[in-house]
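Engineer: Sharing a model that was predicted from the sequence below.
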2 protein chains.
Amino acid sequence: MLKYQQVADEIEKYIEDHGLQQGDKLPVLESLMARFEVSKSTITKSLDLLERKGAIFQVRGSGIFVRRHKRKGYISLLSNKGFKRDLEEYQLSSEIIQLEARKPTEEAALNLNMEFDEDVYYVKRVRYINGQPLCLEESFYNKSIVPYLNAEIVQDSIFDYIKDALGLKVGFSDLYLHIGKLTEEEARYLQLEKGDPKLYVETIFHLTNGKPFDFSKVSYNYEQSQFFLQG
Amino acid sequence: MLKYQQVADEIEKYIEDHGLQQGDKLPVLESLMARFEVSKSTITKSLDLLERKGAIFQVRGSGIFVRRHKRKGYISLLSNKGFKRDLEEYQLSSEIIQLEARKPTEEAALNLNMEFDEDVYYVKRVRYINGQPLCLEESFYNKSIVPYLNAEIVQDSIFDYIKDALGLKVGFSDLYLHIGKLTEEEARYLQLEKGDPKLYVETIFHLTNGKPFDFSKVSYNYEQSQFFLQG
């Protein structure tokens, strides 16, 4: 981790530890430089990173302010930290329905820019929050990028495995959201009624080199989920 | 507009004009500097801006690539260009249900950090896409920031008016998304059935100085709307 990233983490911790709220002012640049013992160029980089992350906003000639929403229990739609971090106070678990190496569906191949005769890992799981079904998830991982998955990895965090064990760098993602009605199968897994509302999200995750490695399709339980986004 | 912003616009136009697709490589830095007749520091700023906007991605040691999703007809959830730009190929219109200066509801006052005895503009409208109802929208504007609205402005783009006529700088926004079932009133406006699925989005828009000026509540027609997000 680079120095400015480390300092950015420390500033986030400072905000947390001091219980600062949206709109609260941070110490001036000079104080931050002194506190974290870094140069002006490092602290500027740290602040730019935090601004991109949506943790602060900078007002020219006025100061640096905390950006932090007030509502609890919302899932960040753009977090690549995964549910685990967003919903720290909640108990999360997964039930694996299916896990296998197979050929991609036509839809998965198109979204992953793969040939039909290449291999994917297919994972289908239900995720639970405090014992209630949160979502039904199907994911296709390009096997030439993610060569191995097992139940233990899938039970835990696949993204942690991809980053930590495989050393891959997760980059940007494209999300497509639809509102619809639950099918009979989805309703069964989510313990709802067929025809109940759902948020259905398709996501294509790319590595930092632009290669798509994961195509996922998630149907959310409308009673258990609410979402947050920063614009 | 600053030079690097202007060059960023020109690079976006270059991508458009050349019909470049996601993953296509842009000319190297030196060629871009020559083509747009700017310094390395300016072109670097332009590229960083485009990367933040999600129009390109840069791979260290490899090059600059186009980022552009393939699906048409999706509404960007985080665009502050408004629907008009996202859905250029579609015919969009609004019907005003209500427009008045009034006291805020408790909910609006809380979200806009206002006192209950201050004034807001309240706007309720149905927005149509190709003649079909797209969404029902209620917005509360802090009247001390947006001192005047009329039917003509509301019919057109309120945000264009805020930026161009009032000279205000629109900054960040917080979005809260819920999935639910349509009430009878919503269903009537959206020409759907009570109990049909809806995406309900609350947004708090802030100026660049961090002051919230608009709290909006939008219920989308699930048959007419699909959404796109970049992560």
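Structural biologist: Arrived safely. Numbering: from 1, shown residues only, chains lettered A, B, ... in the order given.
Engineer: What degree of burial does whatever residue of chain A ends up closest to chain B show, as a neighbour count?
Structural biologist: For chain A and chain B, the shortest gap (CB to the nearest CB) falls at A:Pro197, measuring 3.3 Å. Any C-beta I mention is one placed from the backbone N, CA and C, and that applies to glycine too. By other CB atoms under 10 Å in any protein chain shown, the residues close to A:Pro197 number 24.
Engineer: how far away is the nearest residue to it once chain neighbours are set aside from B:Leu190?
Structural biologist: In this structure, A:Pro197 finds its nearest non-sequential neighbour in B:Pro197, 3.3 Å apart by CB to CB, 6 or more residues apart in numbering or on different chains. Using CB to CB, to the nearest Å, B:Pro197 is found at 11 Å from B:Leu190.
Engineer: Next SSE downstream of the helix or strand of chain A with the lowest mean pLDDT?
Structural biologist: Ranked by mean pLDDT, DSSP states H and E, the helix or strand of chain A with the weakest confidence is helix A:83-86, at a mean of 59. Remark: after helix A:83-86, the chain's next helix or strand is strand A:92-102, criterion DSSP states H and E.
Engineer: circling back to that earlier point, got any residues that touch both of B:Pro197 and B:Leu190?
Structural biologist: Common contact partners of B:Pro197 and B:Leu190 (CB atoms under 8 Å, 6 or more residues apart in numbering or on different chains): B:Leu182.
Engineer: Domain-wise, how is chain A divided?
Structural biologist: A:3-66, A:75-228 (automatic domain parsing).
Engineer: Save these as a markdown table, and put in distance to B:Gly73 too.
Structural biologist: What follows is the domains of chain A, written out as a markdown table (distance: least, CB to CB, whole Å):
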| stretch | distance to B:Gly73 |
| --- | --- |
| domain A:3-66 | 28 |
| domain A:75-228 | 11 |
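Engineer: Packing partners of the helix ranked longest in chain A?
Structural biologist: Longest helix in chain A, counting residues (DSSP state H): helix A:3-17. Helices and strands touching helix A:3-17, as assessed by 3 or more CB pairs under 8 Å, 6 or more residues apart in numbering or on different chains; DSSP states H and E, comprise helix A:29-36, helix A:40-52.
Engineer: Quick check: which of the ones you listed is buried the most?
Structural biologist: helix A:40-52 (a mean of 18; mean count of other CB atoms under 10 Å in any protein chain shown).
Engineer: Name the nearest residue to A:Pro27, ignoring sequence neighbours.
Structural biologist: Once flanking residues are discounted, A:Pro27 sits nearest to A:Arg35: 7.0 Å by CB to CB, 6+ apart.
Engineer: And the pLDDT at that neighbour?
Structural biologist: A:Arg35 is assigned 93 on the pLDDT scale.
Engineer: Tell me the spacing between it and A:Gln5.
Structural biologist: For A:Arg35, the distance to A:Gln5 (CB to CB) stands at 17 Å.
Engineer: A:Ala8 contacts A:Glu51, correct?
Structural biologist: No - in terms of CB atoms under 8 Å, A:Ala8 does not count as a neighbour of A:Glu51; the distance is 10.0 Å.
Engineer: next one: phi and psi at the nearest residue to A:Ile97 once chain neighbours are set aside?
Structural biologist: Nearest residue to A:Ile97 in three dimensions, chain neighbours excluded: A:Lys124, at 4.3 Å (CB to CB, 6+ apart). Backbone torsions for A:Lys124, taken as degrees, to the nearest 10, come to phi -120, psi 120.
Engineer: burial of A:Lys124, as a residue count?
Structural biologist: Count around A:Lys124 with other CB under 10 Å applied: 17.
Engineer: Repeat that for A:Tyr90.
Structural biologist: Neighbour count of A:Tyr90, defined by other CB under 10 Å: 17.
Engineer: Contacts only, for it.
Structural biologist: A:Gly73, A:Ile129, A:Asn130 are the contacts of A:Tyr90 under CB under 8 Å, 6+ apart.
Engineer: just A:Phe227 next, same as before
Structural biologist: Each residue near A:Phe227 by CB under 8 Å, 6+ apart is listed here: A:Tyr74, A:Ile75, A:Ser76, A:Leu77, A:Leu199, B:Tyr176, B:Leu177, B:His178.
Engineer: again, but for A:Ile56
Structural biologist: A:Ile56 makes contact with A:Ile11, A:Ile15, A:Leu26, A:Leu47, A:Leu50, A:Ile64, A:Phe65, A:Val66, A:Arg67 under the criterion CB under 8 Å, 6+ apart.
Engineer: Columns pLDDT on top of those, output as CSV?
Structural biologist: Below are these laid out as CSV (pLDDT from 0 to 100):
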residue, pLDDT
A:Ile11, 94
A:Ile15, 92
A:Leu26, 94
A:Leu47, 94
A:Leu50, 92
A:Ile64, 94
A:Phe65, 94
A:Val66, 93
A:Arg67, 91
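Engineer: just the angle between the helix or strand that contains A:Glu138 and strand A:92-102, please?
Structural biologist: Taking DSSP H and E as the criterion, A:Glu138 maps to strand A:132-142. Relative orientation of strand A:132-142 versus strand A:92-102 (axes from the mean of the first three to the mean of the last three CA atoms, to 10 degrees): 30 degrees.
Engineer: Quick check: mean pLDDT of strand A:132-142?
Structural biologist: Strand A:132-142 shows a mean pLDDT of 96.
Engineer: One more: stretch A:151-168?
Structural biologist: The average pLDDT for stretch A:151-168 rounds to 89.
Engineer: For that stretch, list every residue counted as buried.
Structural biologist: Across stretch A:151-168, burial judged by 16 or more other CB atoms under 10 Å in any protein chain shown covers A:Ile153, A:Val154, A:Ser157, A:Ile158, A:Phe159, A:Tyr161, A:Ile162, A:Leu168.
Engineer: Which strand or helix spans A:Gly19?
Structural biologist: When elements are assigned from DSSP H and E, A:Gly19 belongs to no helix and no strand.
Engineer: Over to A:Phe228?
Structural biologist: For A:Phe228, the element it lies in under DSSP H and E is strand A:226-230.
Engineer: quick one, that strand and strand B:226-230 angle?
Structural biologist: Here the directions of strand A:226-230 and strand B:226-230 differ by 50 degrees (the same axes, to 10 degrees).
Engineer: Identify the bridge partners of A:Tyr122.
Structural biologist: Counting by DSSP bridges, A:Tyr122 is bridged to A:Glu100, A:Phe140.
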